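J.: structure for this input, please:
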Amino acid sequence: MESGDRGWLRHWALRIGGTAYLLFVFAFMASHPQPGSMASLSHALVMAIVPALIGTLAALGIMLYLRRR
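T.: Numbering: from 1, shown residues only. Predicted coordinates:
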């Protein structure tokens with residue numbers, strides 16, 4: 001992988017990852033039996049890590065494929 005691609009991926013990974021994480025946190029908070037409570041927030045902060053990571057990696061993979069194409 002070229003250094004330009006690494007910088008480009010790092011640039012977009014922070015933006016896509018942060019956005020995906022926040023969206024999943026809000027989704028998990030809303031689906032909790034007591035939305036808006038501290039229990040729902042702590043539950044959502046932990047549960048959102050894996051889906052956000054998977055979504056970010058998938059989006060970056062597609063973006064890198066389209067960039068090199």
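
J.: and Gly36, which of the three is it?
T.: Three-state call for Gly36 (DSSP: H, G, I helix; E, B strand; the rest coil): coil.

J.: residues in contact with it?
T.: By Cβ atoms under 8 Å, 6 or more residues apart in numbering, Gly36 lies in contact with Met29. To be clear about C-beta, it is placed using only N, CA and C from the backbone, and glycine gets the same treatment.

J.: next one: it from Ala44, what distance?
T.: Distance from Gly36 to Ala44, counting by Cβ to Cβ, to the nearest Å: 11 Å.

J.: where in this structure is pLDDT low?
T.: Where the chain drops to pLDDT under 70, the residues are 1.

J.: try it again at 90.
T.: For the chain, the stretches with pLDDT under 90 are 1-7, 32-33, 35-36, 67-69.

J.: count the neighbours of the nearest residue to His32 once chain neighbours are set aside for me.
T.: With Cβ to Cβ, 6 or more residues apart in numbering as the criterion, His32 has its nearest non-adjacent residue at 3.5 Å, and that residue is Ser40. Residues lying near Ser40 (other Cβ atoms under 10 Å) number 18.
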